[in-house]
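Trainee: How does the following fold in three dimensions:
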Amino acid sequence: MPRPLTLHPDRMFPADTNVRGIARALYAEVKDLPIVSPHGHTDPSWFAGNASFGNATDLLLVPDHYVFRMLYSQGVPIEALGVRNPAADPREAWRLFAERYHLFRGTPSRFWLDWVFAEAFGIDVLLGADTADRYFDTITAALATDAFRPRALFERFGIEVIATTESPLDNLEHHQAIRASGWGGRVVTAYRPDPVVDPEFEGFGANLARLAELTGEDTASWHGYLAAHRKRRAFFKSMGATSTDHGHPTALTADLPPAEAEALFARVAAGPVSAAEAELFRAQMLTEMAAMSLDDGLVMQLHPGSFRNHNAAVFERFGRDKGADIPTRTDYVHALKPLLDRFGNARDFTLILFTLDESSYARELAPLAGHYPCLRLGPAWWFHDSPEGMRRFRRMTTETAGFYNTVGFNDDTRAFLSIPARHDLARRIDCGFLAELVAEHRIEDWEAAEVARALAYDLVKQAYKL
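Mentor: Numbering: from 1, shown residues only. Predicted coordinates:
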């Protein structure tokens, strides 16, 4: 007999009954606010073509590295799950997942997936080996209907705006198709220049050549290279972009004299360069990008501190973003100083900082954001986009940075149906945290209500100019 799948209405609220009652009341005021998703990795072709997602595996398993990294850690071959393997049987891949669903107990993936199963598809039994085929058939049949096409789900989930993330080498054809379609859903892009900023990115030399083709600029010269970025940023902005995003290994910035910057670029463009030179170039480009943001108004995001593609064998076979990004220690105080010396006091420039190094919350990030007008703190990210990670973030940053130097919530996901589940989790955790402050008489209940709305909706629109 399958076990029932139930979503408790008080899930993730504090255990203390008095505090839980406060959290419940706060959550009731924000749970139905529109979703603003300012940074993520959903595929714009979904919204451009509005085609069916296919089957349960294609939708919920193949794009979600949170899921297949756990299965891989328990010995399941990635290719058996259908990742970069069109020959894999989707039903058999789903069975492998379902048989091991117990592995996700206590993880945020379990919370998100149960929400999707129950709320999106109306399934009322727990996923397991005995219900695998029932799940696969129910989900796949639903996906064949118009109600589960991407645009219908976008509207059903109450998404007001969603930002995808594209390289400067992307022609944004899907964003152009969305605009031309007349559909009212707002899908914008974000400028992610890593392939043409990071000398260690695969194909960097060819990427520079492609950038030259797209812009008509001489990307073998420093001035032409910077001009090419300005042109692409302007194009992205014309397609709705309000932000840039930078996934550097560290938060290091530099402010070299013009002649030194030009000489460094000449070495980088000629390649190859040492690891130290690559790091210095990335550091200089963060400052250059900040200068461009001051000119064009794009909000800047920095996601450092991830050792990307740590598993060399998986990277070689399956490519990027296959669950092997590992957090590293990250310095912000010294690393950001060159950039902040130039732009830290600018009130018309915004730099949103993320981290995978939680030790930096109270020591570095909160004090920095609590002082510099240009800085805001992004939410708990990647491994820390979780109940305990969100609580740690609020506890370690609020006393120094306050709530209003943060930017609400980013879902930062490729798994489309997890977006409402992730936002729901964030709203529950924030309401629980605020309820504790009310119960301790640190803020009034009406103040908590205002902050709950700000964290769920207002701050993200303000920070990202949406």
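Trainee: From Ala141, how far off is Leu153?
Mentor: Separation of Leu153 from Ala141 (CB to CB, to the nearest Å) stands at 15 Å. Using the backbone N, CA and C atoms, a C-beta is placed for each residue, glycine as well.
Trainee: now swap in Gly319 and tell me
Mentor: 31 Å.
Trainee: quick check: domain ranges of this structure?
Mentor: For the chain, automatic domain parsing gives the domain ranges 17-51+149-463, 54-145.
Trainee: quick one: the shortest one to chain centroid distance?
Mentor: Think domain 54-145. 21 Å (CA atoms, centre = their mean, to the nearest Å).
Trainee: and that domain, how far apart are its ends?
Mentor: Across domain 54-145, the terminal residues are separated by 10 Å (CA to CA, to the nearest Å).
Trainee: Can you verify my assumption that Trp183 contacts Arg149?
Mentor: No. With contacts counted by CB atoms under 8 Å, Trp183 stays clear of Arg149, the gap being 11.1 Å.
Trainee: Reformat the domains of the chain as a markdown table; add mean neighbour count and mean pLDDT.
Mentor: Putting those into a markdown table (neighbours: other CB atoms under 10 Å; pLDDT from 0 to 100) gives the following:
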| stretch | mean neighbour count | mean pLDDT |
| --- | --- | --- |
| domain 17-51+149-463 | 19 | 97 |
| domain 54-145 | 18 | 96 |
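Trainee: Tell me which of those sits nearest to Thr6.
Mentor: domain 54-145 (7.7 Å; CB to CB).
Trainee: And what about the closest residue to Pro272 other than its chain neighbours, helix, strand or coil?
Mentor: The shortest distance from Pro272 to any non-neighbouring residue, by CB to CB, 6 or more residues apart in numbering, is to Pro199 (7.7 Å). Put simply, Pro199 is coil when judged by DSSP: H, G, I helix; E, B strand; the rest coil.
Trainee: how far away is Pro199 from Pro338?
Mentor: 19 Å.
Trainee: Now for Trp183 and Arg149: what residues contact both?
Mentor: Both Trp183 and Arg149 are contacted by Asn50, under the criterion CB atoms under 8 Å, 6 or more residues apart in numbering.
Trainee: And the contacts of the helix or strand harbouring Leu264?
Mentor: Applying DSSP states H and E as the criterion places Leu264 in helix 258-270. Contact with helix 258-270 is made by 199, 205, 208, 219-220, 222-223, 225, 256, 273, 277-278, 280-281, 284, 288, as judged by CB under 8 Å, 6+ apart.
Trainee: what about the helices in the stretch 151-300 of the chain?
Mentor: For the stretch 151-300 of the chain, the helices defined by DSSP state H, counting those that start in this stretch cover 173-181, 194-197, 204-215, 222-238, 258-270, 275-296.
Trainee: of the ones you listed, which approaches His248 most closely?
Mentor: Taking CB to CB, helix 275-296 is the member of the helices of the stretch 151-300 of the chain nearest to His248, at 5.2 Å.
Trainee: Can I get that closest one as PDB, trimmed to CA atoms?
Mentor: Extracted as PDB, the C-alpha positions of helix 275-296 are listed here (Å, rounded to 0.1, in the frame of the first residue of the first chain):
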ATOM      1  CA  ALA A 275      46.600  31.000 -13.600                       C
ATOM      2  CA  ALA A 276      47.700  34.200 -11.900                       C
ATOM      3  CA  GLU A 277      47.400  36.200 -15.000                       C
ATOM      4  CA  ALA A 278      43.900  34.700 -15.700                       C
ATOM      5  CA  GLU A 279      42.800  35.600 -12.200                       C
ATOM      6  CA  LEU A 280      44.200  39.200 -12.600                       C
ATOM      7  CA  PHE A 281      42.400  39.600 -15.800                       C
ATOM      8  CA  ARG A 282      39.100  38.400 -14.400                       C
ATOM      9  CA  ALA A 283      39.700  40.800 -11.500                       C
ATOM     10  CA  GLN A 284      40.200  43.800 -13.800                       C
ATOM     11  CA  MET A 285      37.200  42.900 -15.800                       C
ATOM     12  CA  LEU A 286      34.900  43.000 -12.800                       C
ATOM     13  CA  THR A 287      36.000  46.700 -12.300                       C
ATOM     14  CA  GLU A 288      35.500  47.300 -16.100                       C
ATOM     15  CA  MET A 289      32.100  45.800 -15.900                       C
ATOM     16  CA  ALA A 290      31.200  48.000 -12.900                       C
ATOM     17  CA  ALA A 291      32.300  51.100 -14.900                       C
ATOM     18  CA  MET A 292      30.000  50.000 -17.700                       C
ATOM     19  CA  SER A 293      27.100  49.500 -15.300                       C
ATOM     20  CA  LEU A 294      27.600  53.000 -14.100                       C
ATOM     21  CA  ASP A 295      27.100  54.100 -17.700                       C
ATOM     22  CA  ASP A 296      24.200  51.800 -18.800                       C
END
